[in-house]
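Novice: Sequence and computational prediction follow.
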Amino acid sequence: MTLTRSRQLVLALALGALNILATSADTAERTAESNVADWQPIAEAFGRPGTLLPGDIYRVGLPRTDLTVTVQGVQVKAGFALGSYAAFKKMGASAMVMGDLVLLDQEINPVMSGLHERGLIVTALHNHLINLSPHVMYLHYTGHGAPADLARSLRAALSVTGTPFGPPAQGTGGELGIPKTQVDAVIGRTGTINNGVLQFSVARAERITEGKVLLLPGMGVATVINLQPTGDGKAAATGDFVLVAREVNPVARALQAHGIQVTAIHQHALADNPRLFYMHFWANDDAVQLARGLRAALDLTNSPKEKPQ
């Protein structure tokens, strides 16, 4: 089989799976909201609990705490830039899963083969950051089936990596060493502190679908901003803006005008609507100054403002 035919086959499989998801979408919309107990088989498969998010999304974080990665001289925390995850959504009696896996170069093709062997689909493979050591890549995937089977398949595919399973380390809040209240005010949203990282998640205003499946923020379809303090009021910043085509270059110009590097622009899904582009970024500077640049970029996107408390 030629490479072209192989690619055609993969695409056909992907579109076939999307059709299955679309066929199940109406059923999923009618399904009653689940509770945490409904997702227990997934928690058991991963050896760790997930979080039930708005829209009936059950998300399991799998941060690569086994890796020590330095980006432009900054040793990054797993929750800052090394966060593999799986997001599940009920589709009637079955479920869909989509997510992102952080992989070393030598792990990429064994994991991709493991996903394919178990019926999961790879939707993207790319960098998020530049000038990092060791080099890591980010593999996006999706799948459809029985929830526990999907979780077991994903865990089996990741068995060739050092991805930690089992109970996660206890999260911490506490002082960051950067003025969170001021940063929150500039960003215009309230961030959360997770293991020493200040995190913002900003949904887009429009309805985003793949086939007839509604893609929700908890499934990775939201702008993410992470700030990791680096001392003296400074912070490293990374994450990604979720953009439609007309927003890509204005947002890139706004980030660069504020000293924030654009490190990657790409797509995560095969058939999202509207077509979405993900712009990743990096900076290490005064936290409030960074917040001003990030807010300038956010204001160029179709994202609702946070309602006053």
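Specialist: Yep, it's here. Treat the numbers as computed from the prediction; the structure is a model and nothing was measured. Residues are numbered from 1 along each chain as shown.
Novice: Just say helix, strand or coil for Gln182.
Specialist: Secondary structure of Gln182, reduced to three states by DSSP: H, G, I helix; E, B strand; the rest coil: helix.
Novice: thought it was touching Gln289?
Specialist: No. Using CB atoms under 8 Å as the test, Gln182 is too far from Gln289 to be in contact (10.9 Å). Bear in mind the C-beta positions are built from the backbone N, C-alpha and C, glycine included.
Novice: Low-confidence stretches in the stretch 151-300 of the chain?
Specialist: For the stretch 151-300 of the chain, applying pLDDT under 70 flags the ranges 170-174.
Novice: if we go to 80?
Specialist: Within the stretch 151-300 of the chain, the set of residues satisfying pLDDT under 80 comprises 168-175.
Novice: Tell me where it has strands.
Specialist: Counting by DSSP state E, counting those that start in this stretch, the segments of the stretch 151-300 of the chain that form strands are 192-194, 197-202, 209-210, 213-214, 223-231, 234-243, 261-266, 272-273, 277-286.
Novice: closest one to His126 among the ones you listed?
Specialist: Relative to His126, the nearest member of the strands of the stretch 151-300 of the chain by CB to CB is strand 261-266, separated by 4.9 Å.
Novice: For the closest one, give me every contacting residue.
Specialist: If you take CB atoms under 8 Å, 6 or more residues apart in numbering as the criterion, strand 261-266 is touched by 124, 126-130, 238, 248, 252, 255-256, 277-283.
Novice: Now the buried members of the residues you listed.
Specialist: When neighbours are counted using 16 or more other CB atoms under 10 Å, the contacts of strand 261-266 contain these buried positions: 128-129, 238, 248, 252, 255, 277-283.
Novice: Please identify which two of the residues you listed are farthest apart in space.
Specialist: Of all the pairs that those form, the one spanning the most space (CB to CB) is Phe277 and Ala283, at 19.8 Å.
Novice: quick one on the thing from earlier: out of the strands of the stretch 151-300 of the chain, which is the most enclosed?
Specialist: The highest mean neighbour count among the strands of the stretch 151-300 of the chain belongs to strand 234-243 (a mean of 25), with neighbours defined as mean count of other CB atoms under 10 Å.
Novice: most centrally placed residue in this protein?
Specialist: Closest to where the C-alpha atoms of the chain average out (CA atoms, centre = their mean) is Gly220, at 4.3 Å.
Novice: so it sits right up against Gly99, yeah?
Specialist: Yes. Between Gly220 and Gly99 there is a contact under CB under 8 Å: 6.9 Å.
Novice: Give the residues shared as contacts by those two.
Specialist: With contacts taken as CB under 8 Å, 6+ apart, the residues that reach both Gly220 and Gly99 are 85, 87.
Novice: quick one: the strands in the stretch 1-150 of the chain?
Specialist: When assigned using DSSP E, counting those that start in this stretch, the strands of the stretch 1-150 of the chain occupy the ranges 51-53, 57-63, 70-71, 74-75, 83-91, 94-104, 121-126, 132-133, 136-145.
Novice: Mind putting those strands into TSV with mean pLDDT and distance to Leu300?
Specialist: Conversion of the strands of the stretch 1-150 of the chain to TSV gives the following (pLDDT from 0 to 100; distance: least, CB to CB, whole Å):
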stretch	mean pLDDT	distance to Leu300
strand 51-53	93	26
strand 57-63	96	27
strand 70-71	98	25
strand 74-75	98	27
strand 83-91	94	25
strand 94-104	96	24
strand 121-126	98	23
strand 132-133	96	27
strand 136-145	97	24
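Novice: how about the nearest residue to Pro250 once chain neighbours are set aside, what does it touch?
Specialist: The shortest distance from Pro250 to any non-neighbouring residue, by CB to CB, 6 or more residues apart in numbering, is to Leu300 (4.9 Å). Contacts were defined as CB under 8 Å, 6+ apart; by that measure Leu300 touches 247, 250-251, 254.
Novice: Most neighbours among the residues you listed, which one?
Specialist: Val251 (23 neighbours; other CB atoms under 10 Å).
Novice: number of nearby residues for the nearest residue to that residue once chain neighbours are set aside?
Specialist: Setting aside the residues directly before and after it, Val251 is nearest to Ala297 in space (CB to CB, 6+ apart), at 4.8 Å. Burial of Ala297, expressed as a neighbour count using other CB under 10 Å, amounts to 25.
Novice: likewise Pro134?
Specialist: Counted with other CB under 10 Å, residues neighbouring Pro134 total 11.
Novice: ok, it to Thr230 distance?
Specialist: 20 Å (CB to CB, to the nearest Å).
Novice: Likewise for Val244?
Specialist: Val244 sits at a distance of 32 Å from Thr230 (criterion: CB to CB).
Novice: ok, now Leu82?
Specialist: Computed as CB to CB, the Leu82 to Thr230 distance reads 16 Å.
Novice: and Ile57, bridged to which residues?
Specialist: Per DSSP bridges, the residues bridged to Ile57 are Leu53, Lys89.
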